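>>> return atomic coordinates for the entry below.
(2 chains)
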Amino acid sequence: MVAPLLVFILALALYPTVLTTIDAFMHIDALTPPNHFAGFGNFTAIFSNPEIRQSFENTGWYVLFGVMLTLVLGTAFGLLLQRRFRGRGVVLAIVILPWALPGVVEGVIWSWIYDPTFGVLNSVLKSLHLLSQYQLFIGTRQIESILLTSLVQVWQITPLATLLVLASLQSIPGEVYEAARVDGAGWWQVIRRITLPLIRPGLAIAAVEALVLSLNIFDQVYVLNAGATTASSVMSVTYFTTFQGLNFGQGYALSLLATVVTVALSLGALKVLYRKVTF
Amino acid sequence: MRRWIAVWARRAAIGLVIAWSLFPVYWALNTSLMTNEEAQSTPTHFLVTHPIFANYQAIFGAGPQAPAAAGGITRSLVNIVVESGGATLLTLVIAILGAYAFARLRFRLKNLFFYTVLGTLTLPVYATLIPLYRIMSEVGLVNTYLGIILVYASGFMPLAMWIMYNVFLALPPSIEEAAVIDGASMLQTFYRVALPIARPGIAATAIITFLLGWGQFIFPLVLSSTGSTQPLTVVLASLEGRHIVPYTIVNAAAIVAIAIPAVLVFVLNRWIVEGIIAGSVK
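Purely as a prediction, here's the structure:
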């Protein structure tokens, strides 16, 4: 019964991963096979390419913004939606909606919001006198471009964090809150000293998911930033290097590097963040 | 008085959460119902004055603006349904079989196999993207539904297996044991007893898998270079990227791409929540 599953996993997940690992150390030229061993040649090539190095730095920003904003918003939304109220089911469905939509479509609808000539963001900021004239939000200033692109992804993955926070909130017994109230704790103290420590496992999983997703950000970058260096990510650089530049060797090296970092960071983060909470 | 303030502060905050989640979608919908002139006029029209459907007609190949939108959207809509639907079916059949075996049967190397499958959950897209493209081009499956469905399914299987594994573990084994005592074979027990009671879990897995398929972008971007297999996500991105198609039409196409996942969320959100939680916690 497990044979079909194993065949799929071996043929279309593990075998390709092994190929990536081997080919990252190969000099690959589609026109003159066979490929020959290149040692760390592909790696030195990517590290000496300033555009690729920039994408490493950018991805660091994507991770920072993505994880922080997702956790803050997810916790706030979870705390807010924790108690029952009329219409809560509909509100929850609305909150989940961005998670269910394709990242590319979200990039497209946000790119119209960010539009430099007709975008609603420009229009609102100008009428609030926060801007003197319409801006090109994505494409000129690095951090601003990354933050706004990251925001589109945060919009998509916050529901995941919200649901995880809600699930851990439900597992906190009511007596804990009552005891705190009897002892005279204010709402902020309750949140800081009781709620946040107790929802830690949920937050840990949300953090790791946000970490992995922001490390791999592609769809939003592809739509909002295309091939520009300003807000490029490792994934977008890998795509353009491989499939536009047809430099497969460097593409493999980037892929292997990113795979190792993703797996190591997510396992490491889980280990640090995930401490079992017992009552 | 203070209580009154607290109640209204809460309501306002919930209002903000709703606005944050809905505004971008509302904005695309609003724009998709405008003429291009209205969409580009200042001050911004926050509510369309005379809704028109010309943009929707255009993307389905009718009306005066149809040539501008000629990006094969109708075909790409068929493609995305076939690809995410096909991948969902294939994923479910294979993942359910595997999950049941891991949850209920004893066999050699079970732990090794189980953790091998589960371990691939941590693999990012990078790990397999380029080799899968090369494998698919070597076996001639680029620009075919089969190629895309196989790649999707292999990517979704670990998660689907994990959700279904937990579903089967949560079922009381006594019902299946009773069936075995009554003389049912292992396959009969699986098919006649376990599958029917696992139906809610199967529904949750199916919806999550289908939404994952609907959202795919980089794999179909790489694996399909022609309109014959490009899903709506890929066609929409190229429509937007060409900068000659009016934004009103692009937004109408975006709304078409949003429609099915949005309906699923509003009708079946209970199962989606269960699926998400089951897939990430435990």
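
>>> distance of residue A:24 relative to chain B?
10 Å (CB to the nearest CB, to the nearest Å). Bear in mind the C-beta positions are built from the backbone N, C-alpha and C, glycine included.

>>> contacts only, for that residue.
Residues in contact with residue A:24 (CB atoms under 8 Å, 6 or more residues apart in numbering or on different chains) are A:42, A:43, A:249, A:252, A:253, A:255, A:256, A:257.

>>> any idea which helix or strand carries the fifth one?
Spelled out, that is residue A:253. Using DSSP states H and E, residue A:253 falls within helix A:248-273.

>>> show me what that helix is packed up against.
helix A:15-23, strand A:26-27, helix A:41-47, helix A:200-215, helix A:234-239, helix B:125-138 (3 or more CB pairs under 8 Å, 6 or more residues apart in numbering or on different chains; DSSP states H and E).

>>> which residues sit in contact with the residue nearest the centre of chain A?
Geometric centre of chain A, nearest residue: residue A:214, 2.1 Å, by CA atoms, centre = their mean. By CB under 8 Å, 6+ apart, the residues touching residue A:214 are A:59, A:62, A:63, A:65, A:66, A:67, A:150, A:153.

>>> ok, the spatially closest residue to it that is not a sequence neighbour - contacts?
Spatially, and ignoring its direct neighbours in sequence, residue A:214 is nearest to residue A:66 (3.0 Å; CB to CB, 6 or more residues apart in numbering or on different chains). Going by CB under 8 Å, 6+ apart, residue A:66 touches A:150, A:153, A:154, A:157, A:210, A:211, A:213, A:214, A:217.

>>> thought residue A:72 was touching the fifth one, still the case?
I take that to be residue A:210. No - look at residue A:210 against residue A:72 with CB atoms under 8 Å: they stay out of range, at 10.8 Å.

>>> which parts of the longest helix along chain B are buried?
If you go by DSSP state H, chain B has its longest helix at helix B:247-280. In terms of neighbour count (16 or more other CB atoms under 10 Å in any protein chain shown), helix B:247-280 has its buried residues at B:247-258, B:260-262, B:264-265, B:268-269, B:271-280.

>>> average pLDDT for it?
For helix B:247-280, the mean per-residue pLDDT is 88.

>>> same check, this time on stretch B:1-17
The average pLDDT within stretch B:1-17 is 89.

>>> swap in stretch A:190-208?
Here stretch A:190-208 scores 87 as its mean pLDDT.

>>> please apply the same query to stretch B:224-234.
Here stretch B:224-234 scores 92 as its mean pLDDT.

>>> picking that back up, the buried residues of helix B:247-280: which ones sit near chain A?
Near chain A, judged by CB under 8 Å from any CB of the partner chain, the entries from the buried residues of helix B:247-280 are B:247, B:250-251, B:254, B:257-258, B:261-262, B:264-265, B:269, B:272-273, B:276-277, B:280.

>>> which two of these have the greatest separation?
The largest distance within these, taken as CB to CB, falls between B:247 and B:277 and amounts to 37.3 Å.

>>> the closest residue to residue B:171 other than its chain neighbours: neighbouring residues, count only.
Nearest non-adjacent residue to residue B:171, counting by CB to CB, 6+ apart: residue B:197, 5.9 Å away. Neighbouring residues of residue B:197 were enumerated by other CB atoms under 10 Å in any protein chain shown; the total is 14.

>>> could you measure from whatever residue of the stretch 151-282 of chain B ends up closest to chain A over to residue B:271?
Relative to chain A, the nearest point of the stretch 151-282 of chain B is residue B:154 (3.4 Å; CB to the nearest CB). Distance, residue B:154 to residue B:271, using CB to CB, to the nearest Å: 24 Å.

>>> make TSV from the contacts of residue A:66 and add distance to residue A:94 to it.
Converted to TSV, the contacts of residue A:66 look like this (distance: CB to CB, whole Å):
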residue	distance to residue A:94
A:150	22
A:153	19
A:154	17
A:157	16
A:210	21
A:211	26
A:213	21
A:214	24
A:217	24
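
>>> got a list of what the residue nearest to residue A:219 when sequence neighbours are not counted touches?
Spatial nearest neighbour of residue A:219, excluding adjacent residues (CB to CB, 6+ apart): residue A:103 at 3.4 Å. Applying CB under 8 Å, 6+ apart, we find residue A:103 in contact with A:152, A:153, A:156, A:218, A:219, A:220, B:215, B:217.

>>> for residue B:35, same thing?
B:52, B:54, B:248.

>>> test my guess that the first one contacts residue B:34.
Yes - with contact defined as CB under 8 Å, residue B:52 counts as touching residue B:34 (7.2 Å).

>>> neighbour count winner among those two?
Under the criterion of other CB under 10 Å, the comparison of residue B:52 against residue B:34 puts residue B:34 first, with 24 against 15.

>>> one step back: who has more neighbours, residue A:210 and residue A:72?
Each of residue A:210 and residue A:72 has its neighbours counted (other CB under 10 Å); residue A:210 has more, 26 against 13.

>>> what's near enough to touch that one?
Taking CB under 8 Å, 6+ apart, we find residue A:210 in contact with A:66, A:67, A:70, A:71, A:157, A:160, A:161.

>>> kindly list the longest helix within chain A.
In chain A, taking DSSP H as the definition, the longest helix is helix A:50-81.

>>> mean confidence for that helix?
Here helix A:50-81 scores 95 as its mean pLDDT.

>>> report the buried residues of that helix.
A:52, A:54-56, A:58-59, A:61-63, A:65-67, A:69-71, A:73-81.
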